[in-house]
Each structure stands twice: as C-alpha cells, then as structure tokens.
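In: next input, structure requested:
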Amino acid sequence: MTRDWKVLHLDEHLIVLDKPSGMLSVPGRGDDKYDSLAVQVAADFPGARNVHRLDRDTSGVIVMARDAETHRQLSRQFEQRETDKRYVAIVAGTILAESGRIELPLRKDFDHPPRHMVDQELGKPAVTDWEVEARYEDSTRLSLIPQTGRSHQLRVHLQAIGHPILGDPLYAPEELQTAANRLMLHAIELEITHPTSGQRMRFVAAAPF
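Out: The predicted structure follows:
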C-alpha cells in the first residue's frame, strides 16, 4: 500500500498523523490485512504504537505514542474522555434542524459482523452531538462531536436517525454507497494534553471533501 499518510506533528514522545481513507489503523486478521498505518509508521519511527483507531474508511487525525509511558498516559486520556474530537460528514437527506444530540446505546451486531447496532436493552451508552455546516440538494454536511467512543458510533447513529453517511459500505443502502467515491467521514480535529509538558494541544487535518 502506498504511504499516503501525512505527519501533522512529531516530537520525541508522540506522532500525530492524517490517515487516508481506505487504510487500516492496525493490522487486521489475515496476511492481506497486515499492511496498515501502524505497520508503516512503526517502520519509519520504531517503537510507535497506536493509542486509538479510526475505521479503515474514515480519514483524518490520529495520534500514536513513541514510548510506553506516553502510550499509557494518552490511553488514559481517551478512556477517561479527556480528549476532544470533531468530525465532519456528508449525510443523505436534508436536515432541517440546526443542531441536536443522538443518544442511542450501541453493541456489536453478532449476526452481521463487523457491523454494530442500536440496542436499547443490551447496548452501551453512546452520545453524539451534531451541527449543520451546510445543506446541499439531497445531502447535509455535519460537524460531529462524539461524547463517547463506541465502535462505528457516528455511522450507526446517523443511519439510525435516517441520514446515513454517503459512501458507507456497511450502513448506507446501495444507492447511497455509490453516491460518493469514499466514506464521507473525516476526523478533522483532535485535542489532547501532551503527556510530558502538560500543554493542551489541538491538531487539525483539513477535510478532503
């Protein structure tokens, strides 16, 4: 796989990258899914390891630690929701409200892996805040702020309210899967506290759509 990722920030403790759509964050099962951002970055920066993940088809800001202590500190920030994340997406249909909140519990869809699903009884709490950035003829551009970090959260939440993300191969109906040349979801901003300096740092990767 080509090295389409970009370095947004680099110091002795961490590396922040702009991951392209279509690239795994970490190796998957099987030799054909070994190539990934984690493998490529570690080849150039030995010791680099993932702290969090983006879905294969989601692009944008992702941070990796370059040593064990940084990994521990950053992992704690993500687990305790001390990070701030913002995404942009283009979804099907026109959303008339200017902003809102989606609160729907999620779990794995064991009958249809790797999909996830809303489950009011067995799902884990999941919260997504959204705000309209622009309206087009048959779609809407949203700014998304996840308050929790469930797998596929943004994709499932938007599908659940009737506005699946364009180009989503898992959650959009077929005609909307082909309405874009990629999943129209991008991690545009990430804010963390540097584990050594204690400085609050904000990283931005411009949306490619």
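In: got the contact list for whichever helix or strand residue 143 is part of?
Out: Residue 143 belongs to strand 139-146 when assigned by DSSP states H and E. Applying CB atoms under 8 Å, 6 or more residues apart in numbering, the external contacts of strand 139-146 come out as 84-95, 127-135, 153-154, 158, 163, 166, 179. For every residue, glycine as well, the C-beta is placed using N, CA and C.
In: just checking, which of those residues belong to helices?
Out: Using DSSP state H, 153-154, 158 are the members of those that sit in helices.
In: tell me the phi and psi of the residue nearest the centre of the chain?
Out: By CA atoms, centre = their mean, the chain has its centre lying nearest to residue 54, at 4.1 Å. Residue 54 adopts backbone torsions of phi -120, psi 150, taken as degrees, to the nearest 10.
In: what about the longest helix in this protein?
Out: Under DSSP H, the chain gives helix 68-79 as its longest helix.
In: can you give me the end-to-end span of stretch 77-96?
Out: End-to-end distance for stretch 77-96, by CA to CA, to the nearest Å: 35 Å.
In: residues of that stretch that come out buried?
Out: 77, 83, 85-92, 95 (16 or more other CB atoms under 10 Å).
In: same thing with stretch 25-41?
Out: By neighbour count on 16+ other CB under 10 Å, the buried set for stretch 25-41 is 25, 36-38, 40-41.
In: also stretch 109-118?
Out: Of the residues in stretch 109-118, those buried under the neighbour-count criterion (16+ other CB under 10 Å) are 109, 115-118.
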